[in-house]
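J.: fold the stuff below for me.
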Amino acid sequence: MQSLEKFESFISVLSGWVWGPPMLILLFGTHIYLTFLLKGLQFRSLPLAFKIIFTKDTGKGDISQFSTLMTALAATVGIGNIVGVATAITLGGPGAIFWMWLTGLLGMATKYSEGLLAVKYRENGPNGMRGGAMYYISKGANMPLLGAFFAFFTVVSAFGVGNMVQANSSAHIFESAFNISTHWTGIFLAILTGLVIIGGIKSIGRFVSILVPFMIILYIGTMLTTLSMRFDQIPHAFSLIFNGAFNGASATGGFVGATLASAIRFGVARGLFSNEAGLGSASIVAASAKTKDPVSQALVTMTGTFIDTIVVCTLTALVILTTDVWTLGLSAGELTSKSVEVSLGYVGVIIIAFSTVLFAFSTLIGWSYYGEKGLEFLMGTSIIKYYRIAYVFAVLIGSTMSLGLIWNLSDITNGMMAIPNLIGLLLLSKIIKSETNKYFIKK
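T.: Below you'll find the model as predicted:
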């Protein structure tokens, strides 16, 4: 028991080191560098990007560009948008939201670059298109070992933050809100997961193209309804965010206060956890898009970060900060639900519980594909059927076990994905710029 506690303590310290200043500088620095390299393309071309989402492309690929976006959003719009935003506020104060915004806006250039390179360096495999960060690191940057490093940690992350964390969160939410045993929730989620992922990316694409728009509309509708009842408090919420971003937040009520350094750290770290810009994960599904041009898919890919961080995370933050609930010292897991309950009562609690489970399940489905492609890169296609079986069983295990250790391990493996991906993006930045210039000259 004592050795386990020591190991958990070591993992916690290691997680803090991985997400310390060097990682944040590398991540944020890459965002800034690519934003300048592309001359703020994410701001200039956002309307075009949204137009392309709904434009049919007859190029090679497995699923439509709309389905790739929905699959990427399935993986990114998750616990981070509800619990992650609340965690950023409880640990970094309201100012953390500003740094989350900045990470999202600048990170759109990084997400764009990932989507571009994914399509450029993808290849046609026995089970359809395959590509992503491991391929452009190996083929483009000519660093196969670094590509394998990325693929390995993608597989590990898929079972951690992509699977067991999501299953566990869903099971405990259903238990607390509806008194349903975690075992029954685990069995239900495992069966549903198996039915969805057994057909591969085409089955996943069809499923999330229905699920993701529904869950996002439900959640956004609930947040907007709540905010409409506190409209007069919205300016004060923005004031808290901007003041805290540069001055930190003093202690008030049960809130212990936060320094400027903690606002930056938790805003940037939770921003990446939510939108995954720089992680390289979304590049894996971008490679499966039906498209003739890498830039077209790159534009679609970057809209995911905008939807996730600038829309969904912002609404969550405003709902929390338009009440005094965030000052009461509640846990991050309770904060969003209690903030909605102030205006909508128990109905709001049920909607947030239901939304959280939908978000978690969609993440579980999206990450199943990421892990599958990482394993295919390392070991070939023959292992995939065994991986899918193991992934389904991991849902059962994750729904019933304590996952404090898994959370910290997942933070570490996510960091281990980001490092090789960011190196690959920086090494291939000239390719990113030249492909972009060619596309817009043609346009």
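J.: thinking R265 is in contact with M23, fair?
T.: No: at 10.1 Å, R265 does not count as touching M23 under the criterion of CB atoms under 8 Å. Any C-beta I mention is one placed from the backbone N, CA and C, and that applies to glycine too.
J.: can you give me the buried ones in the helix or strand that contains I173?
T.: Here I173 is covered by helix 165-178, with elements defined by DSSP states H and E. Going by neighbour count (16 or more other CB atoms under 10 Å), the buried part of helix 165-178 is 165-175, 177.
J.: over to stretch 341-357?
T.: 341-344, 348-357.
J.: then stretch 85-102?
T.: Of the residues in stretch 85-102, 85-102 count as buried by neighbour count, 16+ other CB under 10 Å.
J.: next: stretch 197-213.
T.: For stretch 197-213, the neighbour count (16+ other CB under 10 Å) marks 197, 200-201, 204-205, 207-209, 211-212 as buried.
J.: please enumerate the helices of the stretch 51-200 of the chain.
T.: For the stretch 51-200 of the chain, the helices defined by DSSP state H, counting those that start in this stretch cover 65-76, 79, 85-92, 96-120, 133-135, 144-159, 165-178, 182-197, 200-228.
J.: tell me which residue is most central in this protein.
T.: With distances taken as CA atoms, centre = their mean, the chain has T76 as the residue nearest its mean C-alpha position (2.9 Å).
J.: now the strands for this structure?
T.: Secondary structure of the chain (DSSP state E): strands located at 123-125, 128-130.
J.: shaky segments in the stretch 151-300 of the chain?
T.: Where the stretch 151-300 of the chain drops to pLDDT under 70, the residues are 253.
J.: can we see that at 80?
T.: Where the stretch 151-300 of the chain drops to pLDDT under 80, the residues are 169, 172-174, 176-178, 199-201, 205, 248-259, 265-266, 268-274.
J.: out of the buried residues of stretch 197-213, which two sit at the greatest distance?
T.: G200 and V212 (17.8 Å; CB to CB).
J.: avg pLDDT for the longest helix along the chain?
T.: If you go by DSSP state H, the chain has its longest helix at helix 346-379. Averaged across helix 346-379, pLDDT comes to 87.
J.: and the angle for that helix with helix 165-178?
T.: Per axes from the mean of the first three to the mean of the last three CA atoms, to 10 degrees, the angle that helix 346-379 makes with helix 165-178 is 160 degrees.
J.: how much space between T305 and A88?
T.: Using CB to CB, to the nearest Å, one obtains 16 Å as the distance from T305 to A88.
J.: isn't P294 up against E114?
T.: No: using CB under 8 Å, P294 makes no contact with E114, being 10.8 Å away.
J.: neighbour count: those two, which is higher?
T.: Set P294 next to E114 and count neighbours by other CB atoms under 10 Å: E114 wins out with 31 against 25.
J.: could you list every residue that touches that one?
T.: Contacts for E114 (CB atoms under 8 Å, 6 or more residues apart in numbering) come out as 133, 280, 282-283, 286, 298, 301, 421, 425.
J.: quick check: the farthest pair among those residues?
T.: A298 and N421 (14.9 Å).
J.: tell me, how many residues neighbour M215?
T.: As a burial measure, M215 scores 22 neighbours (other CB under 10 Å).
J.: er, I187 actually
T.: I187 has 14 neighbouring residues, counting by other CB under 10 Å.
J.: find the nearest non-adjacent residue to it, please.
T.: Spatial nearest neighbour of I187, excluding adjacent residues (CB to CB, 6 or more residues apart in numbering): L396 at 6.9 Å.
J.: can you report how many residues neighbour the one you found?
T.: Counted with other CB under 10 Å, residues neighbouring L396 total 19.
J.: and if you look at the one 5 residues further on?
T.: When counting by other CB under 10 Å, one arrives at 15 neighbours for M401.
J.: report the contact partners of the closest residue to it other than its chain neighbours.
T.: Counting by CB to CB, 6+ apart, the nearest residue to M401 once its immediate chain neighbours are dropped is N168, at 6.9 Å. Contacts for N168 (CB under 8 Å, 6+ apart) come out as 398-401, 403, 406.
J.: so which of those belong to helices?
T.: Filtering the contacts of N168 for membership in helices, criterion DSSP H, returns 398-400, 406.
J.: what sits against G128?
T.: Counting by CB under 8 Å, 6+ apart, the residues that G128 touches are 62, 200-202, 288.
J.: let's see 10 Å
T.: Taking CB atoms under 10 Å, 6 or more residues apart in numbering as the criterion, G128 is in contact with 60-63, 200-202, 287-288.
J.: please apply the same query to G194.
T.: The neighbourhood of G194, defined by CB under 10 Å, 6+ apart, consists of 368, 388-389, 391-393, 395.
J.: for A171, same thing?
T.: 180-186, 188-189, 357, 360, 395-396, 398-401.
J.: mark which of these are buried, thanks.
T.: 182, 185-186, 188-189, 357, 360, 395-396, 398-400.
J.: switch those residues over to CSV; also include distance to S239.
T.: As requested, the buried ones among the contacts of A171 are arranged in CSV below (distance: CB to CB, whole Å):
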residue, distance to S239
T182, 41
T185, 41
G186, 44
F188, 44
L189, 41
V357, 33
A360, 32
V395, 43
L396, 47
G398, 40
S399, 41
T400, 44
